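S.K.: Here is my input; please provide its structure:
(one chain, ligands or ions: 2)
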Amino acid sequence: LVAGLDAYKQRDAMTPDGRRVALHVNTGLMADVARAKDRGAEGVGLYRSEIPFMLRERFPGEEEQRQIYRQQLEAFAPRPVTMRTLDIGGDKDLPYFPIEEDNPALGWRGIRITLDHPEIFMVQVRAMLKAASGLNNLQILLPMVTTVSEVEDAVALIHRAVAELQEENEFEVTLPRIGVMIEVPATIIQIADLARHADFVSIGSNDLTQYLLAVDRNNARVAGLYSQYHPAVLRAVRYVVSEVHRAGKTVSICGEMAGDPGTAILLMAMGFDMLSMSASNLLKVRKTICHVPMERAEALLNRVLAFDKPETVRAEVEAELSELG
Ligand code: PEP
Ligand code: MG
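M.R.: Ligands and ions are numbered 1, 2, ... in the order given. Model prediction:
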């Protein structure tokens, strides 16, 4: 399935039986943008805003951030760009904001940090809103959410930033759609509550797999246990899709699970509204979708959801893909 990928640059991701799947990219730097557009990305499903922060020696100010975000938003307009607020802590270090903890994966990270430092959050959100002025293709995504209150607090700050900027009257700003990342297992159990407080939901399957399986995503010694084909991961993800749709909201996925052709067809069968992946996987996944009828993908999903081991799931998926050629 990896041969002749260039032919898929301008194709729609459409199954042979006519189902379209929206494919977006994950970005962080402007270098990602040209590649993504060349490969026909329909938007940005995850802009990792911490990446430009990691390349600097101090926190970028509001105007510097505005310019960085403007480039991303402009490059993709009118296509949507989902900007995640600063996701540092855990495995993502800022040299000028050291965090010393015994257990960083369970510590101060993502939205926990920015809600404790609303001044950092507000500068970033103001910069994003200003950057989107006149383009209106911004969506804001909140990382590492654990509780409904975190969402309420973040949403209140975003509303405040909009009100401030409208008062200042220098940039024309509108309220963006606001989404919640599903990375912490508790948010799966409370998915209906969270969906009520958000405009959309995006599954961060890298962290979700780590926390669901209690396996460090960066530890080679336990890498054999880290699998997105794990039945618990698949069933959890499918549950999220059905609950978010039941709440009438949209659901996407932006972890590596979307960029693997095998898991991507399972995700497609689950009914995700959009899959977001690194640009390097985009053509491979689009080609796979163009070769797998939705009916086959749904039947495959139903079969593997009954399996009890990652290895058997993976083997079944690989057998199906090689049969479809
Ligand atoms: C994820 O956790 O799946 C995700 C998309 O975020 P990151 O990889 O940046 O932690
Ligand atoms: Mg994550």
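S.K.: tell me, what residue is most central in this structure?
M.R.: In the chain, the residue lying closest to the centroid (Cα atoms, centre = their mean) is C254, at 2.9 Å.
S.K.: I figured that residue hits N281, correct?
M.R.: No: using Cβ atoms under 8 Å, C254 makes no contact with N281, being 12.0 Å away. In short, each C-beta sits where N, CA and C put it, glycine included.
S.K.: follow-up on the earlier one: OK, contacts around the residue nearest to the centre of the chain?
M.R.: H24, N26, G45, L46, T82, M181, S202, I203, G204, S205, S276, M277 (Cβ atoms under 8 Å, 6 or more residues apart in numbering).
S.K.: Retrieve the pLDDT associated with it.
M.R.: pLDDT, C254: 97.
S.K.: Once you drop chain neighbours, what's closest to L5?
M.R.: Closest residue to L5 apart from its sequence neighbours, by Cβ to Cβ, 6 or more residues apart in numbering: L283 at 4.1 Å.
S.K.: what's the answer for D207, then?
M.R.: E183 (3.8 Å).
S.K.: Tell me, how many residues neighbour that neighbour?
M.R.: E183: 27 surrounding residues under other Cβ atoms under 10 Å.
S.K.: quick one: it and Y211 touch, right?
M.R.: Yes: with contact defined as Cβ under 8 Å, E183 reaches Y211; the gap is 6.8 Å.
S.K.: was I right about E150 contacting L157?
M.R.: No: under the criterion of Cβ under 8 Å, E150 makes no contact with L157, lying 10.8 Å away.
S.K.: The two: who's more crowded?
M.R.: Set side by side, E150 and L157 show more neighbours around E150, with 21 against 17, by other Cβ under 10 Å.
S.K.: What helices and strands are in contact with the helix or strand containing that one?
M.R.: In the assignment (DSSP states H and E), E150 maps to helix 148-168. If you count contacts as 3 or more Cβ pairs under 8 Å, 6 or more residues apart in numbering; DSSP states H and E, helix 148-168 packs onto helix 111-116, helix 118-131, strand 138-142, strand 177-182, helix 191-197.
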